[in-house]
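Participant: predicted model follows, preceded by the sequence.
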Amino acid sequence: MNSLIRLELTRALRNRKFLFFSVLYPSILFLIIAGKADGVTKVDGTGLTVPTYMMVSMASFGALTAVLMGNSERIAKERESGWVRQLRLTSLPGRGYVLAKTAGAAVVSLPSIVVVFVVAAAVKQVRLEAWQWLALTGAIWAGSLVFAALGVAIGYLASGDAVRPITMIIYFGLSMLGGLWMPSTAFPRWLQNIAEWLPTHAYAALGRAIEESQAPHAKDLAILVVFFALFAGGAAWLYRKDTLKA
């Protein structure tokens, strides 16, 4: 299993196209969205300035990109190529394959978070306490496991040809409706009511609570736990189903 994890890490770090979209793309979006915003004006309904608010949004978006886009497409293609079937003939347990995929995505998601933080601090002068930077990094990195499980589930659900459009629809839908690209307070009230129950909204809310030196809301934690259980359970069921087909 350790050998497969090392292989996944090497493949993830060598994929320049994937690294660009998961590591640099969120930082570029941050500069576009928050580039002209001052460090005084607050986002409605929060005590955070636009750069501080969007920093967490784009860090969460970068981690989401790494674990969701990376896992789903690779798993679907490896199923079609027969690579997953070959691995089943070895002593590697099923959980080892899933763990290796998650570890490879997690390695890329961490730099995407850190780069957004560095850009926000250097360009927009976002200033937080040392414990807040550490807590933000840990919370966003750990929270990305929810979407890593979703990526595994999609990879076993969709074929190699269908996985990309399915993943893109889910990816952009969760990002936009969850308030990662713009504050959800700008949505119509009925859309805000929907956004509050999405995992991406709860995910970013963890970071914003840390920025405001508050404890995360129990509702947001509960939403993430429930969605993680659903995604992980679905991934496990689809993996077993795929195994029986083989």
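Facilitator: Structure received.

Participant: only C-alpha atoms from now on, for both contacts and neighbour counts.
Facilitator: Fine.

Participant: the helices in this structure, which residues?
Facilitator: 2-14, 16-19, 25-34, 50-64, 70-81, 83-88, 94-123, 130-143, 145-157, 163-177, 189-195, 199-211, 218-245 (DSSP state H).

Participant: can you show me the CA trace of the third one as PDB?
Facilitator: By that I understand helix 25-34. Written as PDB, here are the backbone C-alpha positions of helix 25-34 (Å, rounded to 0.1, in the frame of the first residue of the first chain):
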ATOM      1  CA  TYR A  25      -6.000  28.900 -10.400                       C
ATOM      2  CA  PRO A  26      -7.600  29.700  -7.000                       C
ATOM      3  CA  SER A  27      -5.000  32.400  -6.200                       C
ATOM      4  CA  ILE A  28      -5.600  34.000  -9.600                       C
ATOM      5  CA  LEU A  29      -9.400  34.000  -9.000                       C
ATOM      6  CA  PHE A  30      -8.700  35.600  -5.500                       C
ATOM      7  CA  LEU A  31      -6.800  38.400  -7.100                       C
ATOM      8  CA  ILE A  32      -9.500  38.900  -9.800                       C
ATOM      9  CA  ILE A  33     -12.400  39.000  -7.300                       C
ATOM     10  CA  ALA A  34     -10.700  40.800  -4.400                       C
END
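
Participant: renumber starting at 45 from here on
Facilitator: In the new numbering, first residue 45, that becomes helix 69-78.

Participant: what about it, distance to the chain center?
Facilitator: Here the centre of helix 69-78 is set off from its chain's centre by 16 Å, with Cα atoms, centre = their mean, to the nearest Å.

Participant: quick one: it to helix 94-108, angle?
Facilitator: Relative orientation of helix 69-78 with respect to helix 94-108: 160 degrees, computed using axes from the mean of the first three to the mean of the last three Cα atoms, to 10 degrees.

Participant: name the residues that touch helix 69-78?
Facilitator: 94-95, 98-99, 102-103, 105-106, 156, 159-160, 163-164 (Cα atoms under 8 Å, 6 or more residues apart in numbering).

Participant: what's the farthest-apart pair in those?
Facilitator: 94 and 156 (19.6 Å; Cα to Cα).

Participant: same drill for the two, tell me which one is more crowded.
Facilitator: More crowded of residue 94 and residue 156, by other Cα atoms under 10 Å: residue 156, with 30 against 24.

Participant: where's that one relative to residue 191, distance?
Facilitator: Distance, residue 156 to residue 191, using Cα to Cα, to the nearest Å: 15 Å.

Participant: what residue lies at the spatial centre of this structure?
Facilitator: A centroid search over the chain (Cα atoms, centre = their mean) returns residue 108, at 1.7 Å, as the residue closest to the centre.
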